[in-house]
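Novice: after the sequence you'll find the predicted model.
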Amino acid sequence: MRLVRFIYSGVAGYGRLEGDEVVPLDAAGFAAAFTAKPSAPPLRLKDVRLLAPVARPGKILGIGVNYAAHAAESVSFVNPSKPEVQKWFNKQSTATNGPFDPVHLPKVSPQLDYEGELVVVIGKHGRHVPRARAMEIVAGFCVGGDYSVRDWQRASQTMIMGKGFDTHAVFGPAIVTPDEAGDISGLEVRTFVNGEQRQSGTVSQMIHDIPAQIEHLTAAFTLEPGDVIFTGTPAGVGAGFDPPKWLKAGDTVRVEIGHLGHIENKIVDEPETMRIG
């Protein structure tokens, strides 16, 4: 199953992606969508706008330097060595962004960077989950874009400020359930900026695999349905070049992960509007 969230005629809902059609589902929320029945005739995919498949994740968690080659290139800007202990950070729920929606270049920094990643979406509550049973709480997988504001990231020991900007947690286009995703270990994560390939790495190259990540996280706190995990990025991020290749307004970033699909986002200047209340 490929579960999507979409807008059609101004109304948001859940649907099942089937080829170039979306089958609307009778589901009031994320958890119910996986077993919901069709509620209307199929819609043409080109007629709907796909949204992030989880509207407001309770947690958005990301693991840092989880590919060896990325750990090596990170010496100059984040972490000096391959981590023996998992390094985690939070992205704010307001960072949630759709698979084809604009990503903001912040007003406060030009150092916007891309990170293509495999994303895991949690489907069941889990606490103290052993690695042997970790995949039992996984609802499915998405393609993700973990955007980072590098100077703000370096300025905070927890990386939380540089990782939490609005629009900087992109994932979709669908949640591909484990039965349809199959063996994900050989899937290749590829990132392109304006058509130029910048990143490439396979899921099997992770330092800490997904079961290890889930076991580690649930040792500290409960993972809940709709929580989102960014599982790490391969080498080739903008900060790893000399000089760095920061993203600019007008750039297009595309992330592809095999049969899971792709996301594509245009970088735009952060809107000038101030909002209070």
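Specialist: Yep, that arrived.
Novice: only C-alpha atoms for contact and neighbour calcs from this point on.
Specialist: Fine.
Novice: so the closest residue to Trp152 other than its chain neighbours: helix, strand or coil?
Specialist: Ranked by Cα to Cα, 6 or more residues apart in numbering and with sequence neighbours excluded, the top spatial neighbour of Trp152 is Gly162, at 4.4 Å. What DSSP: H, G, I helix; E, B strand; the rest coil gives for Gly162 is helix.
Novice: again with Lys245
Specialist: Once three-state DSSP is applied, Lys245 turns out coil.
Novice: thought it was touching Asp251?
Specialist: No - using Cα atoms under 8 Å, Lys245 is not in contact with Asp251, being 11.4 Å away.
Novice: quick revisit: show me the contacts for the residue nearest to Trp152.
Specialist: With Cα atoms under 8 Å, 6 or more residues apart in numbering as the criterion, the residues that contact Gly162 are 148-154, 156.
Novice: again with Pro130
Specialist: 211, 215.
Novice: do that again at 6 Å, thanks
Specialist: Going by Cα atoms under 6 Å, 6 or more residues apart in numbering, Pro130 touches Glu215.
Novice: pLDDT weak spots in the stretch 1-150 of the chain?
Specialist: 75-83 (pLDDT under 70).
Novice: where along it do the strands fall?
Specialist: Under the criterion DSSP state E, counting those that start in this stretch, the stretch 1-150 of the chain contains strands at 2-8, 11-18, 21-24, 43-44, 49-51, 60-63, 88-91, 96-97, 103-105, 112-113, 116-122, 138-146, 148-149.
Novice: in TSV, list those strands along with distance to Glu256 and mean neighbour count.
Specialist: Listed next are the strands of the stretch 1-150 of the chain as TSV, based on distance: least, Cα to Cα, whole Å; neighbours: other Cα atoms under 10 Å:
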stretch	distance to Glu256	mean neighbour count
strand 2-8	16	22
strand 11-18	17	20
strand 21-24	20	22
strand 43-44	22	15
strand 49-51	16	22
strand 60-63	19	21
strand 88-91	21	20
strand 96-97	17	26
strand 103-105	17	25
strand 112-113	17	22
strand 116-122	8	27
strand 138-146	7	27
strand 148-149	19	24
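Novice: of all those strands, which lies closest to Pro225?
Specialist: Pro225 sits nearest to strand 116-122 of all these, at 5.1 Å, using Cα to Cα.
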